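>>> Need coordinates for the following:
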Amino acid sequence: GADLDPLYVQRVPSWVSPWNTRNPFAYPPYGPLSTRLDNIDVDIVHSHHPFGLGLYGHRLARRLGVPHVSTFHTLYFSYIHYSPFPPPVSRWWLRTVLTQFYSGCALLTVPSKDTENQLRAEMRMPCPMEVHPTGVSLPGRVDTERAAALRALMGIAQNDRVVLYVGRIAWEKNCRLLLESFARLPDNCHLVMVGGGPDGDSQAEFAAELGM
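Residues are numbered from 1 along each chain as shown. Just a heads-up that it's a prediction; the model follows:
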């Protein structure tokens, strides 16, 4: 195979879409970079999405004659609002691209049975699938002193209820529903949101409108 370090990393340029400025999108390798891995000795190629570098991985697996495994962890149809094209056009294009890409995979891993059922029903996905939940490791014990200090910093009483949201604050996450629901709860219930995203400012304004 190629004379590459086991931890070899090949960096590629990226661009930022004017419709989603906070998520850089990597170009697939081009020019000399596009054949840099053609002689690498690998058993499998793993991709994380069907665009850009994912397409490069798909083609590389075919050139190397090795299985291509991909991971489906984004409900792409929930992101159509970022597209500059009309929703019916975006939906048709997405369905075509996703079906073509994943049909050539030896295996597709999904985070839940619900995702698998959705792909089978909506896209008639023909490739084998396996469910591998995206687990979150919980601490063995809670650091009570740090928890108490954090509550004090935010002005939350020690016996009040707290729900924590960690993630992107974006339209497709439906944070508005979360805020609307919490606005109906008693004053001893608190919502702590950790994260950022294109909808951060508008969600903060909406929370203020709800008196939260």
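
>>> which residues touch Gly140?
If you count contacts by CB atoms under 8 Å, 6 or more residues apart in numbering, Gly140 has none. No exception for glycine: its C-beta is placed from N, CA and C like everyone else's.

>>> What residues of stretch 74-88 count as buried?
Residues of stretch 74-88 classed as buried: 76-77, 79-80, 83 (neighbour count, 16 or more other CB atoms under 10 Å).

>>> likewise stretch 179-199?
179, 182, 190-191, 193, 197-199.

>>> what residues does that stretch touch?
20-22, 154, 156-157, 159-171, 173, 175, 178, 203, 206-207, 210-212.

>>> in this protein, which spans are strands?
Secondary structure of the chain (DSSP state E): strands at 14-17, 20-26, 45-47, 68-71, 107-110, 129-131, 161-166, 189-194.

>>> circling back to that earlier point, any chance of a markdown table for the buried residues of stretch 74-88, columns distance to Gly31 and pLDDT?
A markdown table is the format used below for the buried residues of stretch 74-88 (distance: CB to CB, whole Å; pLDDT from 0 to 100):
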| residue | distance to Gly31 | pLDDT |
| --- | --- | --- |
| Tyr76 | 29 | 79 |
| Phe77 | 34 | 76 |
| Tyr79 | 30 | 74 |
| Ile80 | 32 | 78 |
| Ser83 | 29 | 76 |
